[in-house]
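Peer 1: okay, predicted coordinates and the sequence, questions at the end:
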Amino acid sequence: MPYTAEISRSNPSCFLFLIDQSGSMQDPFQGGESTKIKADGVADAINRLLQNLVIKCAKEEGVRDYYHVGVIGYGATVGPAFIGALAGKELAPISEIATMPARVEERTKQVDDGVGGLVDQTIKFPVWFDPVANGGTPMCQALSSSQSILSGWLKKYPDCFPPIAINITDGESTDGDPTSAANGIKSLVSSDGNALLFNVHVSSQGVMPIEFPDSEARLPDQYAQLLFRISSPLPDYMRSIAQQEGFTVSDGTRGFVFNGNMVSVIKFLDIGTRPSNLR
Amino acid sequence: MHILSQAFWLPKAGNSKEEYEDAFWPEQQIDQSAKTFRFAVADGATETSFSGLWAKMLVRAYCRGNLAEKILFKSLPALQKRWLECVSKTPLPWFAEEKLRSGAFSSIVGLTIKHGTSRNGKLARWKALAIGDSCLFQVRGNKLITPFPFTDSEQFNSRPSLLSSNPIYNEGILNSSMQKSGSLDEGDTFYLMTDALACWFLRAVESNQKPWEILRDFATSDEMASFSDWIANLRKAHLIRNDDVTLLRVEVPL
């Protein structure tokens, strides 16, 4: 059965993030009232995804290398987008990501105080990326470049849990229809199944987030619909965890999020027992 | 009342012994008489850190009589405080600090056996407490008479409700904790085990096999090697999930 390979330090899996850094990312995020630009939304999304992936793999002795992770930026140029000590690396083990953020900020968040109220808590927020918005949106080139990185990975780990590529964009490709390049990624295989391509659409439209839809009918524009179409369906086991997490899913559910949060995908990954009462 | 007990355990393939996050108590073989016995196994969740330590603290607390169902929530705060003290001794990197905030999680199944003559003439009574997917099976006369808390292999998944070292995650846990009691005869055997082996056990029962016939034959400490080989073969044949495995066998000899 596909998508059942064990993810372990000797047989790790791979995450590749594709980040739209084009000039259009300077437009406001989620409608007029927000002071944020889309590039802020993207930087937040990728920092949160990396943070959650690191925490998922963290144990008392350190971070276990269940994943190798890469980030491809596309805008004025296309290429590895890590900054700081990881600059230039196409893929790095998650333990290196954990110990080499560009900086660690302190932020405040409200958490449950255990007796029915909320309390402010200072948390450490590692930052690997700052917002960038410059140039066109060469999405096809970014997808092709990702295909070649993942193809190299699969030669090294032919039996791995299939790699997952997550493309975070405002959807407006400037180097053509990305369908064929997306298919190139999805056609890559390990002995456990095809590589997965998920998309996060960061939009200026102030509509409610749409997470893991099973049809393009409710999506607000042609870019969202195209990104939905090129997104892989969630494999069975992810669908079942998504359901336990409270998402409404069907056979047609795809790894696509509109103006929402892809962090839940990290919860869909199975590296061992995860308590259902840990939210 | 005389009781024999022995534990068998093995870390997940690919992990070291130090990375084993199940726990069991007592750690030594038992071959003795007493009025009360307590046994427990627990399974610290992979996705939380310091969960092996938490699992160990839970089995010890149960076997000291501090985690009986009636006083479970009275005893937990002290244990949770102690866990936090143990893990906060040194400054931690951001990811470890963040992970610690969620707390550790563990399942537990505990068995208490008390000697006494009841009205129906039974030798002794037992009661058990379970939170999560660690299980207990009582076998009498070559028949499984009590599976607890799970009765069906379909109940196992990788997302059980578990007991947390962080009180905010235990709000609904009372509904997930289960109790059971029953009588005990000479010749009965209890098998306490963590989820991977328990799932294999129930699957075997569902295919009309008698899996306890294998488990009862791991006889002495010299048999640890054969237990390890047996589990390795089950893993190779994909008959058991690759996970830490723990078996605690408790026998009431004839």
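Peer 2: Done, it's in.
Peer 1: could you pull out the helices for the stretch 151-254 of chain B?
Peer 2: B:173-176, B:195-206, B:212-215, B:224-236 (DSSP state H, counting those that start in this stretch).
Peer 1: how many residues are close by residue B:31?
Peer 2: Residue B:31: 12 surrounding residues under other CB atoms under 10 Å in any protein chain shown. Just so you know, the C-beta spots here come from the backbone N, C-alpha and C atoms, and that holds for glycine as well.
Peer 1: quick check: residue A:142 touching residue A:71?
Peer 2: No: using CB atoms under 8 Å, residue A:142 makes no contact with residue A:71, being 10.8 Å away.
Peer 1: pick out the residue nearest the middle of chain A.
Peer 2: Residue closest to the mean C-alpha point of chain A, counted by CA atoms, centre = their mean, is residue A:166 at 4.1 Å.
Peer 1: alpha carbons only: can I get whatever helix or strand residue A:46 lives in in PDB?
Peer 2: Using DSSP states H and E, residue A:46 sits in helix A:38-57. What follows is helix A:38-57 as a C-alpha-only set of coordinates in PDB (Å, rounded to 0.1, in the frame of the first residue of the first chain):
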ATOM      1  CA  LYS A  38       1.400  39.100   1.100                       C
ATOM      2  CA  ALA A  39       5.200  38.700   1.500                       C
ATOM      3  CA  ASP A  40       4.700  39.000   5.300                       C
ATOM      4  CA  GLY A  41       2.000  36.300   5.100                       C
ATOM      5  CA  VAL A  42       4.400  34.000   3.200                       C
ATOM      6  CA  ALA A  43       7.300  34.600   5.500                       C
ATOM      7  CA  ASP A  44       5.100  33.800   8.500                       C
ATOM      8  CA  ALA A  45       3.800  30.700   6.800                       C
ATOM      9  CA  ILE A  46       7.200  29.300   6.000                       C
ATOM     10  CA  ASN A  47       8.700  30.200   9.400                       C
ATOM     11  CA  ARG A  48       5.700  28.500  11.100                       C
ATOM     12  CA  LEU A  49       5.900  25.400   8.900                       C
ATOM     13  CA  LEU A  50       9.600  25.000   9.600                       C
ATOM     14  CA  GLN A  51       9.100  25.700  13.400                       C
ATOM     15  CA  ASN A  52       6.400  23.000  13.600                       C
ATOM     16  CA  LEU A  53       8.400  20.500  11.600                       C
ATOM     17  CA  VAL A  54      11.400  21.000  13.900                       C
ATOM     18  CA  ILE A  55       9.200  20.700  17.000                       C
ATOM     19  CA  LYS A  56       7.600  17.600  15.700                       C
ATOM     20  CA  CYS A  57      11.100  16.000  15.300                       C
END
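Peer 1: distance from it to the middle of the chain?
Peer 2: 8 Å (CA atoms, centre = their mean, to the nearest Å).
Peer 1: right, and the helix or strand after it?
Peer 2: Beyond helix A:38-57 on the C-terminal side, the first helix or strand identified by DSSP H and E is strand A:58-59.
Peer 1: partners of the following helix or strand past that following strand, with directions?
Peer 2: Heading C-terminal from strand A:58-59, the first helix or strand you meet, by DSSP H and E, is strand A:62-63. When pairing is defined by DSSP bridges, strand A:62-63 lines up against strand A:58-59 (antiparallel).
Peer 1: now the partner strand, how far from the chain's geometric center?
Peer 2: 20 Å.
Peer 1: ok, stretch B:107-116 next?
Peer 2: Put simply, stretch B:107-116 sits 11 Å off its chain's centre (CA atoms, centre = their mean).
Peer 1: need the CA coordinates for it. PDB is fine.
Peer 2: C-alpha atoms of stretch B:107-116 as PDB (Å, rounded to 0.1, in the frame of the first residue of the first chain):
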ATOM      1  CA  SER B 107      -0.700   5.600  28.200                       C
ATOM      2  CA  ILE B 108      -0.800   3.300  31.200                       C
ATOM      3  CA  VAL B 109      -2.400   0.100  32.200                       C
ATOM      4  CA  GLY B 110      -2.200  -1.000  35.900                       C
ATOM      5  CA  LEU B 111      -3.300  -4.200  37.600                       C
ATOM      6  CA  THR B 112      -3.800  -4.600  41.300                       C
ATOM      7  CA  ILE B 113      -4.300  -8.100  42.700                       C
ATOM      8  CA  LYS B 114      -5.600  -8.500  46.300                       C
ATOM      9  CA  HIS B 115      -5.800 -11.700  48.200                       C
ATOM     10  CA  GLY B 116      -8.900 -12.500  50.100                       C
END
